[in-house]
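Need coordinates for the below:
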Amino acid sequence: MTASPRHVHPGCTTRYTRALPASLIVWAGLCALLMGASARPAQGQGGGPIQSEVSVFGAGASTEALPFWLGANQYGRLGRSGTPLGARLAARRPFSGAKGGLDYAVGAGVIGRASANSTLHVQELYGQLRYGPLQLTAGWKKQVIGRVDTARSLGGITRSENATPLPKVRVSTPGYVPVPGTNGFLGVKGYLAHGWMGADRVVQNAFLHEKYGYLRLLPPEWPVTLHAGLIHHAVWGGTPTDAVAGREAGAFRDGLRQFGRVFFALRGSDEVGPDHMGNYDFSVDVSAGPVEAQVYRQFFFEDKAGLWFRNVWDGLWGVSLRRRGGPALVEAVLYEHFRFIRQNAKYAEGQRAGADRNFSQFFYRSGWTYQGRTLGLPLVTPPAGTPGVPDDRPGIANSLVVAHHVAVEGTVRPGLSYRLTGTYSENSGSKSLCSDPECTDLLDDRFARTGQWSFLVEAFGRVPGTEALAYDLGVAVDTGDFREESVGVRVGLTWRGLHDPLGR
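Residues are numbered from 1 along each chain as shown. Sure thing, here's the model as predicted:
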């Protein structure tokens, strides 16, 4: 018997608004820069080879919408509906790895999709400079924030692999930097970024502020290391639509003084914006014989109550085990548990779960999304990814989620590996569904928990007789009462090459 989704809303499609006809010109110019830069390495550095990639891919399903794991956590490579044919062109010159001095890296990636809603957009376009313990990055670059097992994880709570990268300028350390005088027992790493959220939003051209700081205890070569971090995001500035502008005059200020308030999460006496959120991030890394393990926990917050752990059971738990020592049938196993249920509800006062509006934000009602996808963990979905909700609504339609997630990967034989992914989620909607495309009002769309299973089986390998040509296959299944039951297939073929102008 086929289970029915919670709602039926035919005709939901995904539309990417960053279709850039000029992106081919950008691509050609950056490739020229890559070729020229590698041909003229800096004094005292050999320069690194250019890594090139050309891939073609396609996906389809028994339903209009692809199963969840065919489209999620791929930086927007696939749309939510089937992609009969797509292509990605990419090239990068990584850091040379030379010790000391000034080093640089550049990269670009363009994706085109031929389907009912054909698109062409830049997935990556960035440049980086590194000098000593500091690194500067500008442009669109893939990024996950949080100490999670990114190869198999649901993703960091607030920044995962789900959405197309947004443009940012960021300063960071390239990793942990030893604290002087501690003999490696203490290490710190930090990150500060300024980004742009784009114009296709309820509040247009808003700014993004991000930063984090981490402390590592015990030297990295020890069998156990401890990690603790604080991650902070804020959306501020921008131009609100007429429907939003009158809600709070002081919520959308910009300028240097306002940046200082945003940095320290302060507010003037006459304002209640902008919108802040973040998480505490703790992990323990263990290396014991042939096994490496990572145990991690992220606590999410959007206000002062969250900062003081009112939602202590909400957040992400994870345990990752990896076998060292070469290929094996089982090389890695991951288990994660995610909860976004309480959301500051005062149970003692009889409040329902989901009193807050996680990821929906208060003033910036397009929510924690970019180009129609959630920036954070993908189980929290915007209307376009939520069954039964018109996809022209901004914001978040399903934020009350509890989930269990398992992933296993290994090598079947030389040149052929696999990954198995399974997720069970219970979904309960959101308190903050926008009533219309302008989000003039918010609707309480919370409902009883609705179960959903999402599976993905993947195979990766080299085409026989080649070294540079690889294939990937994926079969995904959705079954349950939240999404429409669906079976989907993804296929891909990728050529990767190195070009060294110095002929090494």
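
mind showing which ranges of the stretch 301-450 of the chain have poor pLDDT?
For the stretch 301-450 of the chain, applying pLDDT under 70 flags the ranges 345-346, 348-350, 354-355.

Could you pull out the helices in it for me?
304-307 (DSSP state H, counting those that start in this stretch).

which residues in it form strands?
315-323, 332-340, 369-370, 373-374, 401-413, 416-427, 433-434, 442-443, 450-462 (DSSP state E, counting those that start in this stretch).

okay if I get those strands as TSV plus distance to Gly497 and mean neighbour count?
Glycine gets a C-beta too; all of them are placed from N, C-alpha and C. Shown next, in TSV, are the strands of the stretch 301-450 of the chain (distance: least, Cβ to Cβ, whole Å; neighbours: other Cβ atoms under 10 Å):
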stretch	distance to Gly497	mean neighbour count
strand 315-323	29	19
strand 332-340	28	20
strand 369-370	31	24
strand 373-374	30	25
strand 401-413	24	17
strand 416-427	21	19
strand 433-434	46	26
strand 442-443	51	16
strand 450-462	14	18
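
just the strands in the stretch 101-250 of the chain please.
Going by DSSP E, counting those that start in this stretch, the stretch 101-250 of the chain shows strands at 102-114, 119-131, 134-140, 168-172, 177-178, 186-196, 203-204, 207-217, 224-236, 239-240.

Could you export the strands of the stretch 301-450 of the chain as JSON lines, including distance to Pro67?
Listed next are those as JSON lines, based on distance: least, Cβ to Cβ, whole Å:
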{"stretch": "strand 315-323", "distance to Pro67": "22"}
{"stretch": "strand 332-340", "distance to Pro67": "19"}
{"stretch": "strand 369-370", "distance to Pro67": "21"}
{"stretch": "strand 373-374", "distance to Pro67": "16"}
{"stretch": "strand 401-413", "distance to Pro67": "15"}
{"stretch": "strand 416-427", "distance to Pro67": "11"}
{"stretch": "strand 433-434", "distance to Pro67": "24"}
{"stretch": "strand 442-443", "distance to Pro67": "28"}
{"stretch": "strand 450-462", "distance to Pro67": "7"}
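
Alpha carbons of stretch 326-338, as PDB, please.
Taking C-alpha atoms only, stretch 326-338 is exported to PDB below (Å, rounded to 0.1, in the frame of the first residue of the first chain):
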ATOM      1  CA  GLY A 326      44.000   0.900   3.600                       C
ATOM      2  CA  PRO A 327      40.800  -0.300   1.800                       C
ATOM      3  CA  ALA A 328      38.400  -2.500   3.600                       C
ATOM      4  CA  LEU A 329      34.800  -3.700   3.100                       C
ATOM      5  CA  VAL A 330      33.700  -1.400   6.000                       C
ATOM      6  CA  GLU A 331      35.900   1.700   6.400                       C
ATOM      7  CA  ALA A 332      33.700   4.200   8.100                       C
ATOM      8  CA  VAL A 333      30.500   4.200  10.200                       C
ATOM      9  CA  LEU A 334      28.500   7.300  11.300                       C
ATOM     10  CA  TYR A 335      25.500   7.800  13.500                       C
ATOM     11  CA  GLU A 336      23.800  11.200  14.200                       C
ATOM     12  CA  HIS A 337      20.800  12.300  16.100                       C
ATOM     13  CA  PHE A 338      19.200  15.600  15.400                       C
END
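
partner residues bridging Ala108?
Ala91, Leu125 (DSSP bridges).

ok, now how distant is it from Glu161?
Ala108 sits 18 Å away from Glu161, going by Cβ to Cβ, to the nearest Å.

Neighbour count: the two, which is higher?
Of the pair Ala108 and Glu161, Ala108 is the one with more neighbours under other Cβ atoms under 10 Å, namely 25 against 22.

Do you know the pLDDT at the more buried one?
As predicted, Ala108 sits at a pLDDT of 97.

Is it correct that it is in contact with Arg92?
Yes: Ala108 is within contact range of Arg92, at 7.5 Å (criterion: Cβ atoms under 8 Å).

just checking, what packs against the helix or strand hosting Val491?
Using DSSP states H and E, Val491 sits within strand 486-499. In terms of contacts (3 or more Cβ pairs under 8 Å, 6 or more residues apart in numbering; DSSP states H and E), strand 486-499 is packed against strand 50-61, strand 469-480.

Need those in JSON lines (columns: mean neighbour count, mean pLDDT and distance to Asn205).
Below are the helices and strands packed on strand 486-499 laid out as JSON lines (neighbours: other Cβ atoms under 10 Å; pLDDT from 0 to 100; distance: least, Cβ to Cβ, whole Å):
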{"stretch": "strand 50-61", "mean neighbour count": "19", "mean pLDDT": "94", "distance to Asn205": "32"}
{"stretch": "strand 469-480", "mean neighbour count": "19", "mean pLDDT": "97", "distance to Asn205": "36"}
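
List the contacts of the residue nearest the centre of the chain.
The structure's the chain has its C-alpha centroid closest to Ser160; by Cα atoms, centre = their mean the separation is 2.2 Å. Ser160 makes contact with Asn73, Val144, Ser153, Leu154, Thr374, Leu375, Gly376, Leu377, Pro378, according to Cβ atoms under 8 Å, 6 or more residues apart in numbering.

Would you mind measuring from it to Phe338?
Counting by Cβ to Cβ, the gap from Ser160 to Phe338 is 11 Å.

shared neighbours of the two, anything?
Joint contacts of Ser160 and Phe338 (Cβ under 8 Å, 6+ apart) are Leu154, Leu377.

Is Ala265 part of a helix or strand, or is it coil?
coil (DSSP: H, G, I helix; E, B strand; the rest coil).

Distance from the strand holding Val491 to the middle of the chain?
20 Å (Cα atoms, centre = their mean, to the nearest Å).

which residues sit against it?
38, 49-63, 65-67, 70, 78, 82, 463, 468-478.

who does that strand pair up with?
strand 50-61 (antiparallel), strand 469-480 (antiparallel).

Take the helices and strands packed on strand 486-499 and lay them out in CSV including distance to Lys99.
As requested, the helices and strands packed on strand 486-499 are exported to CSV (distance: least, Cβ to Cβ, whole Å):
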stretch, distance to Lys99
strand 50-61, 21
strand 469-480, 32
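
For Asp200, find the nearest of those strands.
strand 50-61 (24.7 Å; Cβ to Cβ).

With only the CA atoms kept, save the closest one in CSV.
Extracted C-alpha coordinates of strand 50-61, given in CSV (Å, rounded to 0.1, in the frame of the first residue of the first chain):
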residue,chain,number,x,y,z
ILE,A,50,46.0,23.3,-11.9
GLN,A,51,43.3,20.7,-11.0
SER,A,52,40.6,20.5,-13.7
GLU,A,53,37.3,18.7,-13.7
VAL,A,54,34.6,18.1,-16.3
SER,A,55,31.5,16.1,-15.3
VAL,A,56,28.2,15.3,-16.8
PHE,A,57,25.3,14.0,-14.7
GLY,A,58,21.6,13.4,-14.8
ALA,A,59,18.8,12.3,-12.4
GLY,A,60,15.3,11.2,-12.5
ALA,A,61,12.6,9.8,-10.3
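
helices and strands around the helix or strand following it, which ones?
Next in sequence after strand 50-61, counting helices and strands by DSSP H and E, comes helix 68-71. If contacts are counted by 3+ Cβ pairs under 8 Å, 6+ apart, helix 68-71 sits against strand 416-427, strand 450-462, strand 469-480.
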